[in-house]
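Q: give me a 3D structure for the following:
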Amino acid sequence: MSANTATAPNPGQLYTEAQRARRDATVWTLIQGILAPLQFAVFLVSAGLVLRYLATGEGYGIATMSIVAKTAILYLIMVTGAIWEKVVFGRYLFAPAFFWEDAFSMIVIALHSAYLVALFAGALSPTGLMILALAAYATYAINAGQFVLKLRRARLDVARPARPAGVAV
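A: Below you'll find the model as predicted:
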């Protein structure tokens with residue numbers, strides 16, 4: 001039996017004891033803990049710059065640079081998050097505990113990537129690019145909320161130990 005299947009989480013629990021131990025022992029947890037608030041801070045600044053541009057027509061260059069920076073951090077957190085998921089759950093993406101967060105993350109990545117493609121291809125006007133960025137940011141905000149709720153749930157799980165495999169509840 002592999003380390004991933006030695007125990008099963010209690011209903012409603014995110015991690016088995018082994019998964020929790022791997023989560024707590026890996027440097028990738030710390031990296032995610034640094035990148036997530038950094039990305040959120042860049043998102044807030046960038047959203048403000050985008051809204052400023054849309055309201056005043058000023059600051060297109062700085063707004064564009066902020067969106068590119070936000071997208072670069074998104075790619076970085078997605079790659080490091082996939083590595084974290086592999087260490088903790090034994091698969092790079094779509095572990096059952098984070099399936100819906102990962103699925104929605106694909107929409108977030110698609111919209112941010114569409115922004116970059118449209119920017120570099122000259123496919124949209126500056127206003128169109130900013131609206132696309134806001135759509136990407138709206139999906140990011142939802143996804144960030146999913147992960148915050150999952151983090152809260154993980155903290156509540158600490159009080160409930162996992163059950164051995166094969167033990168009925």
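Q: could you use CA atoms for every contact and neighbour count after this?
A: OK.
Q: mind listing the helices for this structure?
A: Under the criterion DSSP state H, helices of the chain are mapped to 17-25, 27-56, 60-89, 99-121, 126-157.
Q: deepest in the core, which of the ones you listed is it.
A: helix 60-89 (a mean of 19; mean count of other Cα atoms under 10 Å).
Q: show me what contacts the residue nearest to Glu85 when sequence neighbours are not counted?
A: Counting by Cα to Cα, 6 or more residues apart in numbering, Glu85 lies nearest to Tyr92, which is 5.4 Å off, once chain neighbours are set aside. Contacts for Tyr92 (Cα atoms under 8 Å, 6 or more residues apart in numbering) come out as 82-86.
Q: in CSV, list the helices of the chain along with mean pLDDT.
A: Formatted as CSV, the helices of the chain follow (pLDDT from 0 to 100):
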stretch, mean pLDDT
helix 17-25, 94
helix 27-56, 97
helix 60-89, 97
helix 99-121, 97
helix 126-157, 91
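Q: so which of the contacts of Tyr92 comes closest to Asp102?
A: Ala82 (9.2 Å; Cα to Cα).
Q: quick one: the nearest residue to that closest one once chain neighbours are set aside and Gly81, what's the gap?
A: Nearest residue to Ala82 in three dimensions, chain neighbours excluded: Tyr92, at 4.7 Å (Cα to Cα, 6+ apart). Applying Cα to Cα, to the nearest Å, the value for Tyr92 to Gly81 is 8 Å.
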